[in-house]
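Novice: I need the structure of the sequence given here:
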Amino acid sequence: MSFQQGLSGLSAASQSLEAIGHNVANANTIGFKQSQIQFADIYAGTLIGSGGNQIGIGTQVSRVAQLFSQGNISKSDNPLDMAISGNGFFRMSTGGAITYTRNGQFTLSKEGYIENAAGARLTGYMADANGVIAIGAPGELVINKADLSPEASTEYELKLTLDSRKGNLVSADFNPDDPATFSDSTSAPVYDSLGNVHTLRTFYVKTGAGTWDVYATNDGVPVPTGSTPEGLIGNMTFNNGGVLTSVSTMDVPMVVTTGAATPYTITIDQAGTQQFAQDFGVSRQLPNGFAAGTLVDFSVSSNGEIVGRYSNGQTNLLGQVILANFANPNGLQNRGDNQWVETSESGVPMVSTPGSSGLGAVQSSRVEESNVDLTAELVNMITAQRYYQANAQTIKTQDQILQTLVNLR
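Specialist: Just a heads-up that it's a prediction; the model follows:
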């Protein structure tokens, strides 16, 4: 009598229970991908006889496949946590050894590297001091915590609505301290090369129907333009419809005594300014430049860009996360700690930025949960248990038959 079928069934059922147990144990493991046992039947080789008369000798495990289906994405309070919505793996480096993972639970090391619990560092493209991504060979991402250097103001975009009902004034009488000598004014903060803030105030003096002179002061002092009175930087002309038809170049010479570069020039762009019979108003006021700033926090966008936010209100690109995908993810070798390595079966990694080349998007402050369906696994456990019992019963039955034969006299 043959016990082979029953023994192979017991072995297969035992391995199935091991896979199910592994899945159940990792039901709460972030980024975990469940395993699935796949079986194949066994037939003894023979050179004679009809195929229809063959009786199999049991079963065997053909492979343990991992199911890379999308897990649920849940919210996290850690801004460094990331989840991949779609295809791809995070590319990690441990002393130069590259692994891949779907677990996006990351922290910041004391050196500024983004790493996981196993100490593997997230890789991507770094940005230079100007926020330009250096696309090339991926490297370990490190957050640059250096202060953001100040930038002197050089341009000032200013769009106004001037009140055509204002009375005409004599431009030569302009005095920034006397509201009776100008029609309207507005001010904005500007910065020198050291990041010191100054107040640039512009004044508008209506000199005739549709004609205006423009003056400027720096911290209350008329800018040195050599005009009489000092501070005249240009003029504007409007047609009968209130549309700006001509405007002189308005370059403001800024003289400062803070140790910064001086003098420096700010060009005011007043294109789009109009003149109507309505109250004076500012519709756009945008000077460039900013003071020095320290890194406050940073976030990760859907395309993997790491954007730093600074105390001066500015943002700067610090780097970009990359993802990798494989022609055959099931060919990856599992190394534990939710990490895989490439093999000849998986093919070479196809590396690109999130959201491109068929790769998924990155979600910040999110994690991808295990794709284990606990209810289904518990049902599979019951099935595997019955399968084990049934195979044990075939061995028991064959043992009884064999005992009967032995007892024949």
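
Novice: contacts, neighbours, all on C-alpha from now
Specialist: OK.

Novice: so which bits of stretch 9-21 are buried?
Specialist: Across stretch 9-21, burial judged by 16 or more other CA atoms under 10 Å covers 9-17, 19-20.

Novice: gap between the two ends of stretch 357-364?
Specialist: End-to-end distance of stretch 357-364: 20 Å, with CA to CA, to the nearest Å as the criterion.

Novice: Glu305 against Thr315, yeah?
Specialist: No - using CA atoms under 8 Å, Glu305 is not in contact with Thr315; the gap is 12.0 Å.

Novice: so which of the two has more stuff around it?
Specialist: Higher neighbour count among Glu305 and Thr315: Glu305, with 23 against 18, using other CA atoms under 10 Å.

Novice: from Ile268, how far off is the more buried one?
Specialist: 33 Å.

Novice: now Trp340
Specialist: Trp340 sits 57 Å away from Ile268, going by CA to CA.

Novice: correct me if wrong, but Gln400 is in a helix.
Specialist: Yes - read with DSSP: H, G, I helix; E, B strand; the rest coil, Gln400 is one of the residues of a helix.

Novice: how about low-confidence regions in the chain?
Specialist: 1-2, 45-53, 409 (pLDDT under 70).

Novice: off-centre distance for stretch 205-221?
Specialist: Computed by CA atoms, centre = their mean, to the nearest Å, the chain-centroid distance of stretch 205-221 equals 47 Å.

Novice: what residues of it count as buried?
Specialist: Neighbour-count burial for stretch 205-221 [16+ other CA under 10 Å]: 205-207, 210-219, 221.

Novice: which among the residues you listed gets closest to Leu244?
Specialist: When the buried residues of stretch 205-221 are ranked by distance to Leu244 (CA to CA), Gly210 comes first, at 8.8 Å.

Novice: so the closest one sits against Asn239, correct?
Specialist: Yes - counting by CA under 8 Å, Gly210 touches Asn239, with 6.5 Å between them.

Novice: all strands of the stretch 151-300 of the chain, in order?
Specialist: Per DSSP state E, counting those that start in this stretch, the stretch 151-300 of the chain carries strands over the ranges 155-163, 184-191, 197-208, 211-218, 221-222, 232-238, 244-247, 250-254, 264-269, 274-276, 281-287, 295-300.

Novice: which residue ranges of the protein form helices?
Specialist: 4-25, 374-406 (DSSP state H).

Novice: tilt between the first one and helix 374-406?
Specialist: Our comparison of helix 4-25 with helix 374-406, counting by axes from the mean of the first three to the mean of the last three CA atoms, to 10 degrees, yields an angle of 160 degrees.

Novice: would you put the C-alpha positions of helix 4-25 in CSV?
Specialist: The C-alpha trace of helix 4-25 is given here as CSV (Å, rounded to 0.1, in the frame of the first residue of the first chain):
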residue,chain,number,x,y,z
GLN,A,4,2.8,8.8,-0.4
GLN,A,5,-0.4,10.7,-1.3
GLY,A,6,-1.4,11.2,2.3
LEU,A,7,2.1,12.2,3.4
SER,A,8,2.4,14.8,0.5
GLY,A,9,-1.0,16.1,1.4
LEU,A,10,0.0,16.5,5.1
SER,A,11,3.1,18.4,4.1
ALA,A,12,1.2,20.6,1.7
ALA,A,13,-1.4,21.4,4.3
SER,A,14,1.2,22.1,6.9
GLN,A,15,3.0,24.6,4.5
SER,A,16,-0.3,26.2,3.7
LEU,A,17,-1.0,26.7,7.4
GLU,A,18,2.4,28.2,7.8
ALA,A,19,1.8,30.7,5.0
ILE,A,20,-1.7,31.6,6.4
GLY,A,21,-0.1,32.0,9.9
HIS,A,22,2.5,34.3,8.4
ASN,A,23,-0.2,36.4,6.8
VAL,A,24,-2.2,36.6,9.9
ALA,A,25,0.8,37.5,12.0
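
Novice: related to what we said a few turns ago, next, format the buried residues of stretch 205-221 as a markdown table and append distance to Leu244.
Specialist: A markdown table is the format used below for those (distance: CA to CA, whole Å):
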| residue | distance to Leu244 |
| --- | --- |
| Val205 | 15 |
| Lys206 | 14 |
| Thr207 | 15 |
| Gly210 | 9 |
| Thr211 | 10 |
| Trp212 | 11 |
| Asp213 | 13 |
| Val214 | 14 |
| Tyr215 | 18 |
| Ala216 | 20 |
| Thr217 | 23 |
| Asn218 | 26 |
| Asp219 | 28 |
| Val221 | 28 |
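
Novice: which of these sit farthest apart?
Specialist: Maximum distance among the buried residues of stretch 205-221 (CA to CA): 28.9 Å, for Gly210 and Asp219.

Novice: redo the helices of the chain as CSV? Include distance to Ser246.
Specialist: Converted to CSV, the helices of the chain look like this (distance: least, CA to CA, whole Å):
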stretch, distance to Ser246
helix 4-25, 74
helix 374-406, 73
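
Novice: so which of the ones you listed is the most surrounded?
Specialist: The highest mean neighbour count among the helices of the chain, using mean count of other CA atoms under 10 Å, belongs to helix 4-25: a mean of 19.

Novice: give me the residues contacting that one.
Specialist: Contact with helix 4-25 is made by 34-37, 39, 56-61, 372, 374, 377, 380-381, 384-385, 387-388, 391-392, 394-395, as judged by CA atoms under 8 Å, 6 or more residues apart in numbering.

Novice: how far off centre is that helix?
Specialist: 42 Å.

Novice: please work out which of the strands of the stretch 151-300 of the chain is packed deepest.
Specialist: Using mean count of other CA under 10 Å, strand 211-218 ranks as the most buried of those, with a mean of 24.

Novice: show me what Leu158 is bridged to.
Specialist: Gln285 (DSSP bridges).

Novice: Leu122: which of the helices of the chain is closest?
Specialist: It is, among the helices of the chain and with distance given as CA to CA, helix 4-25, at 26.1 Å.

Novice: so what's Phe203 up against?
Specialist: Counting by CA under 8 Å, 6+ apart, Phe203 touches 176, 182-186, 214-216.

Novice: among these, which one lies nearest to Gly293?
Specialist: Nearest to Gly293 among the contacts of Phe203, counting by CA to CA, is Thr186 at 26.3 Å.

Novice: bridging residues for that closest one?
Specialist: Beta-bridge partners of Thr186, as defined by DSSP bridges: Thr202.
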